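*Asks:* I'd like to go over a predicted model; first the sequence, then the structure.
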2 protein chains.
Amino acid sequence: MSSAACNGLEGMTLLLLDITMSLDGFVAGRNRTLEQPLGEGGEQLHEWLFRLAGFRAQHGLTGGEENADSGAYAWQSGAGAVVMGRRMFSGGAGPWENDPNAGGWWGEEPPFHVPVFVLTKHPRETVELQGGTTFTFVTDGIESALERAREAAGVRHVQLAGGANVVQQYLRAGLVDELRIHIAPLFLGDGVRLFGDGGPDLELVEVIDSPSATHLRYRVLNREGDA
Amino acid sequence: MSSAACNGLEGMTLLLLDITMSLDGFVAGRNRTLEQPLGEGGEQLHEWLFRLAGFRAQHGLTGGEENADSGAYAWQSGAGAVVMGRRMFSGGAGPWENDPNAGGWWGEEPPFHVPVFVLTKHPRETVELQGGTTFTFVTDGIESALERAREAAGVRHVQLAGGANVVQQYLRAGLVDELRIHIAPLFLGDGVRLFGDGGPDLELVEVIDSPSATHLRYRVLNREGDA
């Protein structure tokens, strides 16, 4: 059963935010650099992911665990296309920015394996990388990026991957259908805050918990297609 | 079995934060007034509580529900004493401030039914109210308030009730043993943020979820008494 069917929203290509946040609301720590694109302590947010067999396989690695987090990881593996911001693509102002053949911060075989649409102000040719990931650079705004991602996703959903600035733009525009927030049990204290000036009405539809994270799935209410 | 026994911290009187937060991290909305002490939208945070039979009984009301949230409500009902800030006591700069017989914002029979220690700069006589609640005003700091609350609590735990400023002081001082955060599925967008400049290392020990809230219980690591 597709995500759309699960939501009673058959026929729509859903836009699903999927992001990990600290208990105090940050998606990256302070002092982001090329060496440390998630800032101080930011890598710790994703420890729940790093140890999963599914995550490791998606990154071309063997081993890893199957545990309660695997179910929450499966939430994001169903995406048919991904939308992200420029900084999430490049990991900051990296040398990738001007290299027409590089896949940004993500290396030669990025873990997405689907078309990725990168919001940016700088036009650039689409990059095709190993394993099915393409990076297409969209310069005419969030609605255009979403439209193109929806076409590419077909019957699957579109994953809104971040960063915070892009998430806030999509929330303000009322374009997000579901929030999948993974709360890591730690404080970052400062850095990049996920949520800005509010958000839509929510309905909590699923919780998966483990010692590593609490995975919350909220449906956005009052969206087109709601009963 | 007492909370202390559950934590493997026998012999200590634990300080347990118990507070409800919006998904975007606020414990009260913007524009707090006497009529609306929790600010715009702030009352909605506690809807999970208002409908519970246990909560209603504690407030002298009949009716209400037993549901998944009741278990999380039981977390706070085991306290032997409560610590709170001045504003949480008074609901703002209310007429109660100068009335030596009044119980602040909480009326003639406050719902605590145990000794409450209020952090304030203004000395005032202890107020004894119906149903076992006393308000004692502590002017010599958070450690003194905690010490007095611990004596009053005996074998039970001390509940740190808020507001955010008091919570942040106790976190910075390393005095909190457990965080019990109830995440309401809504955005406030602005107001009083619960967490300030970081916090301790945490271990997620229990999650209770319902459509109304996600109840997270974190043990603070590296505390006196840890293995």
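*Replies:* Structure received.

*Asks:* drop to CA atoms for contacts and neighbour counts, all remaining ones
*Replies:* Will do.

*Asks:* for chain A, give me the ranges with low pLDDT.
*Replies:* A:1-11, A:92-104, A:223-227 (pLDDT under 70).

*Asks:* contact residues of it facing chain B?
*Replies:* With the criterion set to C-alpha under 8 Å from any C-alpha of the partner chain, chain A comes near chain B through A:24-25, A:185-190, A:195-205, A:207, A:209-213, A:218.

*Asks:* now the buried members of those residues.
*Replies:* Among the residues of chain A next to chain B, those classed as buried by 16 or more other C-alpha atoms under 10 Å in any protein chain shown are A:24-25, A:185-190, A:195-196, A:198-200, A:202-204, A:207, A:209-213, A:218.

*Asks:* picking that back up, so of the residues of chain A next to chain B, which ones are in strands?
*Replies:* The strands, defined by DSSP state E, take in A:202, A:203, A:204, A:205, A:207, A:209, A:218 from these.

*Asks:* doesn't residue A:43 lie inside a strand?
*Replies:* No. Looking at residue A:43 with DSSP: H, G, I helix; E, B strand; the rest coil, it is helix, so not inside a strand.

*Asks:* for it, give its distance to residue B:49.
*Replies:* Residue A:43 sits 36 Å away from residue B:49, going by C-alpha to C-alpha, to the nearest Å.

*Asks:* more neighbours, the two?
*Replies:* It is residue B:49, of residue A:43 and residue B:49, that has more neighbours when counted by other C-alpha atoms under 10 Å in any protein chain shown, with 21 against 15.

*Asks:* skipping its backbone neighbours, what lies nearest the more buried one in space?
*Replies:* Nearest residue to residue B:49, sequence neighbours excluded (C-alpha to C-alpha, 6 or more residues apart in numbering or on different chains): residue B:55, at 6.2 Å.

*Asks:* so that neighbour makes contact with residue B:48?
*Replies:* No. If you go by C-alpha atoms under 8 Å, residue B:55 and residue B:48 don't touch, sitting 9.8 Å apart.

*Asks:* which stretches in chain A count as strands?
*Replies:* Counting by DSSP E, the strands of chain A are A:15-22, A:26-28, A:79-85, A:115-119, A:127-128, A:134-138, A:157-162, A:178-184, A:192-193, A:202-209, A:214-220.

*Asks:* what pairs with the fourth one, and is each one parallel or antiparallel?
*Replies:* Using DSSP bridges, strand A:115-119 pairs in its sheet with strand A:79-85 (parallel), strand A:134-138 (parallel).

*Asks:* same thing with the second one?
*Replies:* In the sheet containing strand A:26-28, the strands it pairs with under DSSP bridges are strand A:192-193 (antiparallel).

*Asks:* spatially central residue for chain A, please.
*Replies:* Compute the mean C-alpha point of chain A, and by C-alpha atoms, centre = their mean the closest residue is residue A:161, 1.6 Å away.

*Asks:* wait, it sits on residue A:19?
*Replies:* Yes. Applying C-alpha under 8 Å, one finds residue A:161 in contact with residue A:19, separated by 6.3 Å.

*Asks:* list the helices and strands the longest helix anywhere in chain A packs on?
*Replies:* Using DSSP state H to define each element, chain A has its longest helix at helix A:142-153. Secondary structure elements in contact with helix A:142-153, counted by 3 or more C-alpha pairs under 8 Å, 6 or more residues apart in numbering or on different chains; DSSP states H and E, are strand A:79-85, strand A:115-119, strand A:157-162.

*Asks:* redo that, cut-off 10 Å
*Replies:* For helix A:142-153, the elements it packs on are strand A:15-22, strand A:79-85, strand A:115-119, strand A:134-138, strand A:157-162, helix A:164-172, judged by 3 or more C-alpha pairs under 10 Å, 6 or more residues apart in numbering or on different chains; DSSP states H and E.
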